[in-house]
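J.: sequence unavailable; structure follows:
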């Protein structure tokens, strides 16, 4: 959209907004529309949503632009920003941090890299300390995304799970078989989807992605049930 179209879109909800206001918010780095070769601004749907967020935060919560910018940066990294009043900084979404239940295929469809955590944010969200994270990383269980210093959703769930298992005396060094088993399962999935991927067309890739999600979810379920079944006689049940 052009800046005039953006103004027309926002005016019903924000009667006081002006083109000058939108340009000012751009100059403050709160929105970054693309530019045409002739220099005209072109706003995306996401740009308009960011403007709505900014204008709402100003009107409803009287937040200064500095704080709003911090909120937007947190949202860009998949975090929940701090509340309107003084309080804790941005945090990982609660549903991600808790990681409850067995993941189904839909969990494997969601991009883990949508969440980007710094090391300190990962430590806080996972409920671990830096020493334990060092151990987890040394055994290759987690690490920053390739080419980045940020950790993703998978790293958070792994770190939190390791922290919970450490309460039973299980250390990161004991978990290497889990990683080895996961790598073997990935190899099996690759054998299944490789013929489809070799077709090199969008429809085949979509089928391969769907199959990999289904197989990943099934492998998690199978692993959990096999462990439960093997434990039953040991518990006298």
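T.: Yep, that arrived. These numbers were taken from a predicted model, which means no experiment stands behind them.
J.: what's the weakest-modelled helix or strand in this protein?
T.: Every helix and strand in the chain was compared by mean pLDDT, DSSP states H and E; the lowest is helix 94-98, with a mean of 46.
J.: can you pull out the low-pLDDT segments for the protein?
T.: For the chain, the stretches with pLDDT under 70 are 82-113, 237.
J.: how does it divide into domains?
T.: Following the TED database, one gets these domains for the chain: 3-77, 112-170, 175-236.
J.: turn the ones you listed into TSV, columns for mean neighbour count.
T.: The C-beta positions use only the backbone N, C-alpha and C, and glycine is treated the same way. What follows is the domains of the chain, written out as TSV (neighbours: other C-beta atoms under 10 Å):
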stretch	mean neighbour count
domain 3-77	14
domain 112-170	16
domain 175-236	13
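J.: the protein: helices as residue ranges?
T.: Shown for the chain, the helices assigned by DSSP state H span residues 3-10, 19-27, 45-61, 65-76, 94-98, 105-109, 119-126, 130-138, 153-166, 176-197, 202-234.
J.: closest to residue 33 out of the ones you listed?
T.: Closest of the helices of the chain to residue 33 is helix 45-61, at 5.3 Å (criterion: C-beta to C-beta).
J.: quick one, the closest one and helix 65-76 angle?
T.: 130 degrees (axes from the mean of the first three to the mean of the last three C-alpha atoms, to 10 degrees).
J.: contacts for helix 45-61, please.
T.: Contact with helix 45-61 is made by 1, 6, 9-10, 13-14, 17, 22, 25, 30-33, 63, 65, 67-68, 71-72, 75, 84, as judged by C-beta atoms under 8 Å, 6 or more residues apart in numbering.
J.: for stretch 133-151, same thing?
T.: Stretch 133-151 has contacts (C-beta under 8 Å, 6+ apart) with 77, 113, 116-119, 121-123, 126, 128, 152, 154-155, 158-159, 162, 171-173, 175-176, 178-179.
J.: ok, residue 11 to residue 209 distance?
T.: In this view, residue 11 and residue 209 are 41 Å apart by C-beta to C-beta, to the nearest Å.
J.: ok, residue 148 to residue 118 distance?
T.: Between residue 148 and residue 118 the distance is 11 Å, computed by C-beta to C-beta.
J.: make TSV from the helices of the chain and add distance to residue 144 to it.
T.: Putting those into TSV (distance: least, C-beta to C-beta, whole Å) gives the following:
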stretch	distance to residue 144
helix 3-10	36
helix 19-27	31
helix 45-61	25
helix 65-76	17
helix 94-98	17
helix 105-109	21
helix 119-126	8
helix 130-138	9
helix 153-166	8
helix 176-197	17
helix 202-234	22
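J.: mind checking which of the ones you listed is nearest residue 37?
T.: helix 3-10 (16.7 Å).
J.: got the angle for that closest one vs helix 45-61?
T.: Put simply, helix 3-10 runs at 50 degrees to helix 45-61, going by the same axes, to 10 degrees.
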